[in-house]
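Undergrad: Here's a sequence, model it:
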Amino acid sequence: MNIYVILKQTFDTEEKIIIQDGEISDDGVKYVINPYDEYAVEEAIRLKEQHGGSITVVSIGPSRTAEALRTALALGADEAVLITEDRIGSEEFNISKVLAAYFANNQPYDLILGGNFSIDNGGGQVAIRLSQLLHIPHVSSIIKIDVSSDHAIVLRDSEGDTETVKVSLPALFTAQQGLNEPRYPSLPGIMKAKKKPFHHLSIEDLGLTSSEIIAKTERISLFLPPSRNSGQILQGELNQQVSQLVHLLKHSDVLSI
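TA: Numbering: from 1, shown residues only. Presented below is the predicted three-dimensional model:
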């Protein structure tokens, strides 16, 4: 079974976001595998343990993204691919088009796994666009997957409920929290990762040109939400507090009824 995992390197979830000159500052920032992509890597390893085969992890990003890919190799992936190119940028249209070009040159694939969305921008578009470009089924937010020779049966989270979906393979799935509990890389795994294949590609290697990856959208501005005002503790008896609350709800600039 040929399993591929598309992953992204993102800020650590505990990092404080600082914006300077309209851009997010990454000075001294710790980067990690996007948490939802960690579920995808773990599930790929479990499927390989059940069915055999190989796991290739693929990412698009700057050279520092190699750290996230090497972590995936240490966890149990067999091969890594990093597509580094400033011209690609971070727009979902470009990301999905470049990934589609990669997969068009690397068939056959049985499963493509990824995270439900990335925690940095939360767009959740790449997997959907990629499946459309590859003309394969796509199921999002999966919390369980059972794979047979030519199909998979998955449970997907549906806003508090679950749906059971059967799709033919090859197919693309995105992982939701609850799919599994990701493991930590072991010392032997870290040592083995150093000897595993690691490929660096450019858009030219994929048969693309700059004119084919022109962004369809442009970010005009980026800013943090306004600071929240401190809370107010209402004083007096209960009926007095109720009167104060009603007055605040009617006349506050923030709250209104």
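Undergrad: Show me the strands in the stretch 51-200 of the chain, by range?
TA: For the stretch 51-200 of the chain, applying DSSP state E, counting those that start in this stretch gives strands covering 54-60, 79-83, 111-115, 138-147, 151-158, 161-168, 171-175, 198-201.
Undergrad: Make a markdown table out of these and add mean pLDDT and distance to residue 26.
TA: (C-beta placed from N, C-alpha, C; glycine too.) Shown next, in a markdown table, are those (pLDDT from 0 to 100; distance: least, CB to CB, whole Å):
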| stretch | mean pLDDT | distance to residue 26 |
| --- | --- | --- |
| strand 54-60 | 96 | 17 |
| strand 79-83 | 97 | 18 |
| strand 111-115 | 96 | 20 |
| strand 138-147 | 95 | 29 |
| strand 151-158 | 94 | 31 |
| strand 161-168 | 94 | 38 |
| strand 171-175 | 96 | 26 |
| strand 198-201 | 96 | 21 |
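Undergrad: and those strands, which is most packed in?
TA: Comparing the strands of the stretch 51-200 of the chain by mean neighbour count (mean count of other CB atoms under 10 Å), strand 111-115 ranks first with a mean of 28.
Undergrad: quick one: pLDDT of residue 255?
TA: Reported pLDDT at residue 255 in the predicted model: 49.
Undergrad: Likewise for residue 8?
TA: 93.
Undergrad: what does the one 5 residues further on give?
TA: At residue 13, the model reports a pLDDT of 78.
Undergrad: now the one 10 residues further on
TA: As predicted, residue 23 sits at a pLDDT of 75.
Undergrad: Kindly report the same for residue 119.
TA: 85.
Undergrad: Check the gap between it and residue 89 for me.
TA: 19 Å (CB to CB, to the nearest Å).
Undergrad: cool, residue 132 as well?
TA: 20 Å.
Undergrad: so residue 75 sits right up against residue 183, yeah?
TA: Yes: between residue 75 and residue 183 a contact is recorded at 6.3 Å, counting by CB atoms under 8 Å.
Undergrad: hey, what's in contact with both of the two?
TA: Common neighbours of residue 75 and residue 183 (criterion: CB atoms under 8 Å, 6 or more residues apart in numbering): 42, 45.
Undergrad: more crowded one of the two?
TA: residue 75 (23 against 14; other CB atoms under 10 Å).
Undergrad: Which strand or helix spans residue 45?
TA: helix 35-51 (DSSP states H and E).
Undergrad: tell me the angle that helix makes with strand 171-175.
TA: 130 degrees (axes from the mean of the first three to the mean of the last three CA atoms, to 10 degrees).
Undergrad: if we look at helix 35-51, which residues are touching it?
TA: So helix 35-51 is in contact with 1, 3, 5-8, 10, 13, 33, 53-55, 57, 72, 75-77, 111, 113-119, 145, 147, 173-177, 179-183, going by CB under 8 Å, 6+ apart.
Undergrad: Is it possible to get the strands of the stretch 51-200 of the chain out as JSON lines so that each row also shows distance to residue 209?
TA: Output for the strands of the stretch 51-200 of the chain, formatted as JSON lines (distance: least, CB to CB, whole Å):
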{"stretch": "strand 54-60", "distance to residue 209": "16"}
{"stretch": "strand 79-83", "distance to residue 209": "15"}
{"stretch": "strand 111-115", "distance to residue 209": "25"}
{"stretch": "strand 138-147", "distance to residue 209": "27"}
{"stretch": "strand 151-158", "distance to residue 209": "35"}
{"stretch": "strand 161-168", "distance to residue 209": "33"}
{"stretch": "strand 171-175", "distance to residue 209": "26"}
{"stretch": "strand 198-201", "distance to residue 209": "15"}
